[in-house]
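**Q** Predicted structure and sequence below. I'll ask about it afterward.
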Amino acid sequence: MINKYFSICSWSFLFLFLSCNSQNIETAILSVIDMKVVSFFSLMTLQEKIGQLNQYSVGEEMTGPNQDNEDSKKRYQQLINGDVGSVLNLLGAENTRLLQEQVINNTRLKIPLIFAYDVIHGYKTIFPIPLGESCSWDLDIIEKTAKIAAKEAAASGVQWTFAPMVDISRDARWGRVMEGAGEDPFLGSKIADARIKGFQGNSLDEPFTIAACAKHFAGYGFVESGKDYNIVNVGKNTLMNVILPPFKQAANSNVATFMNAFNDIDGTPASANNFILRDLLKRDWNFDGVVVSDWNSIGEMVNHRTAKNLRSAAEQALIAGCDIDMEATAYVDHLDSLVKDNPDLLIHVDEAVKRVLKLKFELGLFEDPFRYCNIELEKETVGAKEHFELAEKAALNSIVLLKNSKNVLPLIEKKKIAVIGPLANDGDTPLGNWRGKGEQNSATSLVEGMKMVLKNNSINYTKGCELSIGNNNFFQELKINKTDRNGFKEAIELAKSSDVVVMALGEPAYMSGEGRSRADIGLPGLQLELLKEVYAVNKNIVLVLMNGRPMTLTWENEHIPAIIETWHLGSRAGIAIAKVLAGVHNPSGKLTMSFPKHVGQLPIYYNHKNTGRPTSGPNQVFYSHHTDIDNNPLYPFGYGLSYTSFDYSDITLSNDSLDFNSSIEASVDVTNTGGVDGAEIVQMYITDHFASVTLPNIELKGFKKIYLRKGETQTVSFVVDSDLLRFYNDSNNFISEAGSFSLKISTSSSTGDMKSFELYQ
Ligand code: BGC
């Protein structure tokens with residue numbers, strides 16, 4: 001059957017190829033895949049079709065008929081019956097080959113499985129968590145780390161990653177902010193594009209590429225009170241202008257798949273949301289890839305109480321356009337009877353199946369179901385030395401210097417350095433959550449890194465206190481040490497006898513990520529107390545933060561002279577941080593999420609709207625504010641210091657007006673006025689002074705990362721045209737409106753002077 005099928009395809013391909021000229025070869029090749037899909041599809045029974053829409057998580061027990069419980073026996077049977085189209089979490093060239101063989105050898109149509117996995121910030125070589133890496137604003141590095149992650153995963157039998165997470169979030173309480181690119185839709189869109197290119201290359205035909213997945217569609221980053229899996233209440237304006245742009249970009253960047261979100265959006269669960277799935281994604285954005293549910297998100301519609309039972313949930317999700325059911329067994333258990341009762345549903349099943357087949361053809365799985373299953377190649381590729389070099393480069397670029405008074409940093413000629421803190425000699429925390437196959441404790445710890453880089457200093461370490469107690473893993477709730485102060489004394493003694501104290505504090509790896517929302521986002525456990533006690537005996541402190549979210553650091557910022565945000569930096573964390581401490585690398589990262597002064601300010605973000613009451617008269621209270629804290633964040637979006645200083649000239653505009661067919665250029669001269677070379681992320685923000693809907697006070701509309709030697713000046717220019725000024729209006733039209741605007745080009749969202757221009761009709 002298969003052979004016959006392929007010969008039909010080859011003849012048709014030849015015909016198409018001969019009948020097209022060079023300009024439309026690309027279109028013809030695409031249509032060949034579509035044609036393969038249609039002809040293959042015509043061979044399928046309803047049961048075989050439904051199998052393609054069912055996805056399970058399986059482990060190594062599936063690679064032989066030795067399943068240890070009834071559930072895995074059942075799943076194995078379903079796999080070899082063709083009732084499963086894709087699996088997640090089975091890894092390794094050998095395992096994936098074994099299971100693929102079972103499926104190919106036992107099923108009538110021999111449709112290969114797709115092997116999927118959450119490759120979020122590296123597979124074996126672990127890069128900075130995505131939020132950290134976004135602070136590099138370096139699209140080239142971001143694309144490269146995704147590419148290496150894809151390469152390692154592909155060599156290990158994986159063809160599909162559930163990344164990038166492109167959820168915008170303004171609430172640091174939400175644990176999953178670590179997986180995203182922060183609070184801004186413009187930067188978030190650029191980063192989404194870079195990550196997708198990195199995973200998928202120019203085409204899934206290219207070696208070592210894997211299918212990417214834009215998730216979680218949509219609104220998951222806006223869960224109420226930052227509490228994971230919570231409901232989402234957003235209006236159309238926020239949905240269209242803030243939440244959806246990175247998803248739209250993902251569709252434009254030809255991402256192969258989308259994943260639903262767990263949440264509802266204003267009353268309709270995302271997994272059965274006709275508006276976002278059918279109307280926007282599949283119709284308006286022309287997305288022709290696959291939509292996969294999130295883990296049991298179809299089943300969870302019963303908990304949302306919009307589906308009476310799993311059968312009804314299956315029907316709703318199918319109609320809305322969710323193609324694959326991950327883990328709910330809703331499709332595999334109910335689609336058959338649903339279609340028999342209502343044959344009109346078949347059209348949706350058929351559409352979903354064609355999408356899945358298309359992905360399998362694009363991945364080249366029909367040609368070679370064992371494409372990535374080669375143990376030798378796996379050994380050579382996974383964890384290759386040069387991948388770790390990239391991990392170090394990405395880590396160096398992700399570090400954000402938050403404070404550096406009294407020239408505490410870099411640590412030049414500091415003879416006695418005390419390194420204190422529960423995370424200082426920890427080789428596990430820097431791997432962060434969602435660390436793929438990154439081995440436990442495999443990151444370079446800060447102490448190790450400092451001993452390598454700051455060789456001429458005496459480096460003495462003591463822990464000070466435990467941060468967590470007992471298990472620290474993906475599945476379990478963390479227990480934080482709140483009572484055991486046994487290590488304090490030694491830490492204080494060490495601090496007393498040292499020239500400078502480097503304190504490594506923050507959150508353990510599993511304090512952010514899925515299911516890890518926090519109500520208090522300060523330093524957990526006894527760490528602030530330890531910091532205060534050390535500070536009482538030695539004020540010369542460098543605070544090295546390792547964490548998966550913005551934190552409240554008000555006391556720290558008031559007292560500690562130097563603070564570095566290092567996130568969870570990945571496999572080479574310790575070396576990268578030590579290089580920054582030593583001044584071997586000049587930090588250049590800039591925050592992509594605002595740090596609040598107090599948790600009560602959340603959600604906090606730079607691109608806020610004006611409101612009807614932005615200010616009041618002197619001494620009056622009737623304006624939009626908290627009475628006990630000002631409206632500003634502690635550290636704003638776009639903020640980050642350097643060991644050098646940059647001077648920005650006044651902005652030059654090539655013209656102070658444009659129309660819908662022209663553009664203007666805005667430029668500044670940026671000069672490195674300090675004592676060392678360094679990189680600067682130059683940011684352009686625009687204000688639309690009056691519009692038919694409320695819009696943010698300022699919005700990022702351009703950025704460039706430049707490298708300047710000391711004393712060097714570079715002109716940085718941005719082109720502004722009417723397209724850049726577009727937004728979704730009340731009728732969901734993406735438009736720009738004539739009127740007055742202003743822009744600034746500056747070093748962060750909170751600084752810089754605005755320059756006006758007009759957009760004429
Ligand atoms: C997460 C997804 C992830 C999936 C598969 C879910 O719990 O929300 O982001 O891709 O699990 O592991």
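**A** Structure received. Only a predicted model underlies this, so the values are computations on that prediction, with no experimental measurement involved.
**Q** Minimum distance to the ligand, which residue of the stretch 251-400 of the chain gives it?
**A** W295 (3.9 Å; C-beta to the nearest ligand atom). Where C-beta positions appear, they are placed from N, C-alpha and C, glycine not excepted.
**Q** meant to ask about the stretch 501-650 of the chain, not that
**A** Closest point on the stretch 501-650 of the chain to the ligand, by C-beta to the nearest ligand atom, is E514, at 5.5 Å.
**Q** That residue touches R176, doesn't it?
**A** Yes. Using C-beta atoms under 8 Å, E514 is in contact with R176, at 5.9 Å.
**Q** Which residue of those two possesses the greater neighbour count?
**A** R176 (26 against 18; other C-beta atoms under 10 Å).
**Q** Find residues that contact each of E514 and R176.
**A** D228 (C-beta atoms under 8 Å, 6 or more residues apart in numbering).
**Q** I figured A504 hits E448, correct?
**A** No. Between A504 and E448 there is no contact under C-beta under 8 Å: 11.9 Å.
**Q** For the spatially most central residue of the chain, give me phi and psi.
**A** For the chain, the residue nearest the mean C-alpha position is G180 (3.0 Å; C-alpha atoms, centre = their mean). Phi and psi for G180, reported as degrees, to the nearest 10, are phi -110, psi -170.
**Q** how about it, what does it touch?
**A** So G180 contacts 130-131, 134, 165-169, 188, 221 (C-beta under 8 Å, 6+ apart).
**Q** let's go with 10 Å and repeat that
**A** The contact partners of G180, taken as C-beta atoms under 10 Å, 6 or more residues apart in numbering, are 129-131, 134, 164-169, 174, 188, 191-192, 215, 220-221, 246, 592-593.
**Q** cool, and N729?
**A** 236-237, 240-241, 691-693, 735-737.
**Q** how far away is the residue nearest to F275 when sequence neighbours are not counted from V234?
**A** Nearest non-adjacent residue to F275, counting by C-beta to C-beta, 6 or more residues apart in numbering: T268, 7.5 Å away. Separation of T268 from V234 (C-beta to C-beta, to the nearest Å): 12 Å.
**Q** And A155, by the same measure?
**A** 40 Å.
**Q** between these two, who's got more neighbours?
**A** Neighbour tally, A155 and V234, criterion other C-beta under 10 Å: the higher count belongs to A155, 26 against 17.
**Q** which parts of the protein sit against the ligand?
**A** 88, 118, 162, 215, 294-295, 514 (C-beta under 6 Å from any ligand atom).
**Q** Please flag which of those sit within strands.
**A** Judged by DSSP state E, strands contain the following of the residues of the chain next to the ligand: 88, 215.
**Q** Tell me the most packed of the residues of the chain next to the ligand, by neighbour count.
**A** Neighbour max across the residues of the chain next to the ligand (other C-beta under 10 Å) = K215, 26 neighbours.
**Q** what about the stretch 301-450 of the chain, any weak spots by pLDDT?
**A** Along the stretch 301-450 of the chain, the parts satisfying pLDDT under 70 run over 414.
**Q** would you list every one of the strands in it?
**A** 325-326, 400-404, 416-420 (DSSP state E, counting those that start in this stretch).
**Q** pLDDT wise, what is E70 at?
**A** You'll see E70 listed with a pLDDT of 87.
**Q** could you measure it against the ligand, distance?
**A** 23 Å (C-beta to the nearest ligand atom, to the nearest Å).
**Q** what's the neighbour count on the residue nearest to A261 when sequence neighbours are not counted?
**A** Sequence neighbours aside, H216 is the residue nearest to A261 in space, at 3.6 Å (criterion: C-beta to C-beta, 6+ apart). A count of nearby residues for H216, using other C-beta under 10 Å, gives 25.
**Q** Next: the one 10 residues further on.
**A** By the measure other C-beta under 10 Å, the count of residues near G226 is 25.
**Q** was I right about it contacting Y220?
**A** No. Applying C-beta atoms under 10 Å, one finds G226 not in contact with Y220, separated by 11.3 Å.
**Q** which residues do those two both contact?
**A** 169, 174, 176.
**Q** out of the residues you listed, which one sits closest to the ligand?
**A** Closest to the ligand, out of all of the shared contacts of G226 and Y220 and judged by C-beta to the nearest ligand atom, is R176, at 7.8 Å.
**Q** Need the phi and psi values for that closest one.
**A** According to degrees, to the nearest 10, R176 has phi -80, psi 0.
**Q** what does the one 3 residues further on give?
**A** For E179, the backbone dihedrals (degrees, to the nearest 10) come out as phi -90, psi -10.
**Q** So for it, what's the pLDDT?
**A** Taking E179 on its own, its pLDDT is 98.
**Q** Contact partners for it?
**A** 118, 120-121, 129-131, 163-167, 169, 215-216, 221, 432-434, 512-514, 548.
**Q** same check, this time on S717
**A** Shown in contact with S717 (C-beta under 10 Å, 6+ apart): 652, 654, 665-668, 682, 684, 702, 704, 745.
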